[in-house]
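S.K.: here's my sequence, what's the structure:
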Amino acid sequence: MASTSGPAAGSSPDLSAQPTGLPDLHPSLTPLAFLVGTWRGEGVGGYEGLADFRYEQEVTFVTTGRPALGYASTTWWADEPRDGRSPGSPLATETGFWRLQDDAENPGRRFVEVMLAHPFGVAEIYVGALDGTKIELEHNVVIRTATARDVTRSVRLYGIVEGGDLAYAIDMEAGGKPLQPHLSARLRKVG
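M.R.: Residues are numbered from 1 along each chain as shown. All right, here's what the predicted structure looks like:
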């Protein structure tokens, strides 16, 4: 059972010492256990030269018994007229894996690696910092097919916010335009 006493002031909670209730979670992923499950909610998007838009989203993080979380995200248009029972037209999907690695240059620190694939011909690799339930993915490599959109870089920030929701923001550099806000959403855990 997790201790009821909190961490010392100014320190992050030691999530690795807390039971996860996830029997197939690889021990190296314990600090990422807060992500596991299905999250749903709404977001907003925009970009220079693109009209602002609203979208709905479902994100799932699954355990595999291996040292990586499986990840899938599906979005669909929120402002499209529909019957109220079915989602709007598909907008975007991405799938991939999230891992946690030891930082050889900073003993005791760990970093997050995220590998994502998009059906429009882009694959991305992110590396970033984990601080409690905040993940800042700063370093990004983008690989594009010859026919893919001209995305050159992006950064992502994920975290648990008030009420236990998962919030994120994505900034993107594309089409010769500078890095700028592109997507943000707040998702509630379901199930």
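
S.K.: so what touches stretch 123-140?
M.R.: Residues outside stretch 123-140 that contact it (C-beta atoms under 8 Å, 6 or more residues apart in numbering) are 12-13, 15, 31-32, 34, 100, 110-118, 141-143, 153-160. C-beta here means a position set from N, CA and C on the backbone, and glycine is covered the same way.

S.K.: wait, is Gly163 part of a helix?
M.R.: Yes: looking at Gly163 with DSSP: H, G, I helix; E, B strand; the rest coil, it is inside a helix.

S.K.: quick check: the gap between it and Leu32.
M.R.: For Gly163, the distance to Leu32 equals 20 Å [C-beta to C-beta, to the nearest Å].

S.K.: and those two? Which one has more around it.
M.R.: Leu32 (24 against 8; other C-beta atoms under 10 Å).

S.K.: test my guess that the more buried one contacts Trp98.
M.R.: Yes: look at Leu32 against Trp98 with C-beta atoms under 8 Å: they come within range, at 6.4 Å.

S.K.: overlap of the contact sets of the two?
M.R.: Residues touching both Leu32 and Trp98 (C-beta under 8 Å, 6+ apart): 61, 69, 112.

S.K.: which of the residues you listed tops the neighbour count?
M.R.: Going by other C-beta under 10 Å, Leu69 tops the shared contacts of Leu32 and Trp98 with 23 neighbours.

S.K.: helix or strand: which one has the nearest residue to it once chain neighbours are set aside?
M.R.: Spatial nearest neighbour of Leu69, chain neighbours left out: Trp98 (4.4 Å); criterion: C-beta to C-beta, 6 or more residues apart in numbering. Following DSSP states H and E, one finds Trp98 within strand 90-102.

S.K.: next, the buried residues of that strand.
M.R.: Buried residues in strand 90-102, defined by neighbour count with 16 or more other C-beta atoms under 10 Å: 91, 94, 96-100.

S.K.: partners of that strand, with directions?
M.R.: Applying DSSP bridges, strand 90-102 is found paired with strand 69-77 (antiparallel), strand 110-118 (antiparallel).

S.K.: distance of the residue nearest the centre of the chain from Asp52?
M.R.: Central residue of the chain (C-alpha atoms, centre = their mean): Tyr158, 5.7 Å from the mean position. Distance of Tyr158 to Asp52, given as C-beta to C-beta: 22 Å.

S.K.: burial count for the nearest residue to Val155 once chain neighbours are set aside?
M.R.: Leaving aside its sequence neighbours, Val155 sits nearest to Asp171 (C-beta to C-beta, 6+ apart; 5.1 Å). If you count neighbours by other C-beta under 10 Å, Asp171 ends up with 18.

S.K.: parallel or antiparallel, list what pairs with the helix or strand harbouring Asp171.
M.R.: Using DSSP H and E, Asp171 maps to strand 166-174. Using DSSP bridges, the strands paired with strand 166-174 in its sheet are strand 151-160 (antiparallel), strand 180-190 (antiparallel).
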